[in-house]
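>>> requesting a structural model of the entry that follows:
(one chain, ligands or ions: 2)
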Amino acid sequence: MIYELRGATKNYGNGGGVVRAVHDVNLSIDEGELVVVAGPSGSGKTTLLQLLGALDRASSGEVLFEGRDLAKTSDSDLTELRLGTIGFVFQQFNLIPTLTAVQNVEVALAPSRPSAAARHERATSLLESVGLAHRRDHLPSQLSGGEQQRIAIARALANAPRVVLADEPTGNLDTETGDEIVELLASLASEGKQTVIIVTHDVGVAKRAPRVVRMRDGQLLQA
Ligand SMILES: Nc1ncnc2c1ncn2[C@@H]1O[C@H](COP(=O)(O)OP(=O)(O)OP(=O)(O)O)[C@@H](O)[C@H]1O
Ligand SMILES: [Mg+2]
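Ligands and ions are numbered 1, 2, ... in the order given. Okay, the predicted model is just below:
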């Protein structure tokens with residue numbers, strides 16, 4: 001079990017203005033699993049992903065990562081977890097517009113690789129693994145949305161994370177390109193043995209996953 005959530009709850013605001021973004025969620029995820037979390041806008045998907053990614057702490061309940069309660073983990077340990085163990089993929093790609101494809105991947109490697117040459121080699125092989133070595137010297141503006149998302153996935157894989165968390169990774173893509181991106185993410189779980197969690201409101205994405213959990217109003221409908 002890589003994740004175990006017990007009564008995980010995240011409230012925003014206080015007093016009369018409390019939003020129960022994630023409410024009493026119980027969820028277990030195995031290492032190497034591919035899980036899609038599906039739900040309408042505002043149902044708490046991004047908030048849940050932030051709890052899983054140690055980007056935020058639960059208001060109450062437990063979010064256990066390999067048995068460790070993230071709410072009780074020090075800031076420096078959480079930072080290490082985010083850098084070395086978890087890779088993030090976002091709807092907006094979040095590439096640096098002035099850097100080429102390969103440079104966008106290299107910056108994610110910066111803290112962990114000794115030499116510029118070693119970083120370049122690793123970044124190039126990551127681009128190869130997402131089928132984009134031939135575009136490595138292109139700027140994001142010179143790439144299609146699907147290509148930009150592949151770069152973002154290569155960047156997320158930079159430090160060989162054991163978990164990949166994707167928030168609406170197909171949200172800016174047409175259906176066919178989105179399918180390719182989901183396939184690429186799914187292959188990480190089937191071939192790379194990485195744990196992959198995708199949140200989406202796209203029912204097409206949900207259809208492709210072996211396991212789908214549904215959210216509504218901050219709660220899980222089925223686990
Ligand atoms: N920083 C915040 N402060 C206050 N309320 C917030 C904050 N972030 C999210 N919320 C609220 O929490 C609820 C869940 O938001 P969340 O972003 O997790 O939903 P979502 O399922 O990701 O939606 P979408 O599909 O639109 O991205 C919403 O009602 C939202 O308005
Ligand atoms: Mg969201």
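>>> from here on, just use CA atoms for contacts and neighbour counts.
OK.
>>> next structured bit after the host helix or strand of Ile153?
According to DSSP states H and E, Ile153 maps onto helix 145-156. Using DSSP H and E, the helix or strand that follows helix 145-156 in sequence is strand 163-167.
>>> in the helix or strand that comes right after that following strand, which residues are buried?
Next helix or strand after strand 163-167 toward the C-terminus (DSSP H and E): helix 175-190. For helix 175-190, the neighbour count (16 or more other CA atoms under 10 Å) marks 177-179, 181-182, 184-186, 188-189 as buried.
>>> next, the angle strand 163-167 makes with the helix holding Ile153.
Counting by axes from the mean of the first three to the mean of the last three CA atoms, to 10 degrees, helix 145-156 lies at 150 degrees to strand 163-167.
>>> which neighbouring elements make contact with helix 145-156?
If you count contacts as 3 or more CA pairs under 8 Å, 6 or more residues apart in numbering; DSSP states H and E, helix 145-156 packs onto strand 86-90, helix 101-109, helix 116-129, helix 175-190.
>>> quick one: contacts for Leu5?
25-28, 61-64 (CA atoms under 8 Å, 6 or more residues apart in numbering).
>>> sorry, that was for Ile153
88-89, 130.
>>> tell me the contacts of the closest residue to Ser190 other than its chain neighbours?
Nearest non-adjacent residue to Ser190, counting by CA to CA, 6 or more residues apart in numbering: Gly32, 7.3 Å away. By CA under 8 Å, 6+ apart, the residues touching Gly32 are 189-190, 193-196.
>>> wait, a helix at Gly32?
No - read with DSSP: H, G, I helix; E, B strand; the rest coil, Gly32 is coil and lies in no helix.
>>> and it, how far from ligand 1?
From Gly32 across to ligand 1, the span is 23 Å (CA to the nearest ligand atom, to the nearest Å).
>>> tell me the pLDDT at that residue?
Note on Gly32: pLDDT of 95.
>>> show me which residues of the chain sit near ligand 1.
12, 19, 21, 40-47, 201 (CA under 6 Å from any ligand atom).
>>> what's the closest of these to Ser76?
Nearest to Ser76 out of these is Thr47 (CA to CA; 21.3 Å).
>>> that closest one reaches Val22, doesn't it?
Yes - with contact defined as CA atoms under 8 Å, Thr47 and Val22 form a contacting pair (6.8 Å).
>>> comparing the two, which shows the higher neighbour count?
The residue with more neighbours, out of Thr47 and Val22, is Val22; 27 against 22, by other CA atoms under 10 Å.
>>> beta-bridge partners for the more buried one, please?
Lys10 (DSSP bridges).
>>> how about Asp167?
Counting by DSSP bridges, the residues bridging with Asp167 are Phe90, Val199.
>>> can you name the residues that contact the most centrally placed residue in the chain?
The chain has Leu165 as the residue nearest its centroid, 1.8 Å off, counting by CA atoms, centre = their mean. Shown in contact with Leu165 (CA under 8 Å, 6+ apart): 49, 53, 86-89, 196-198.
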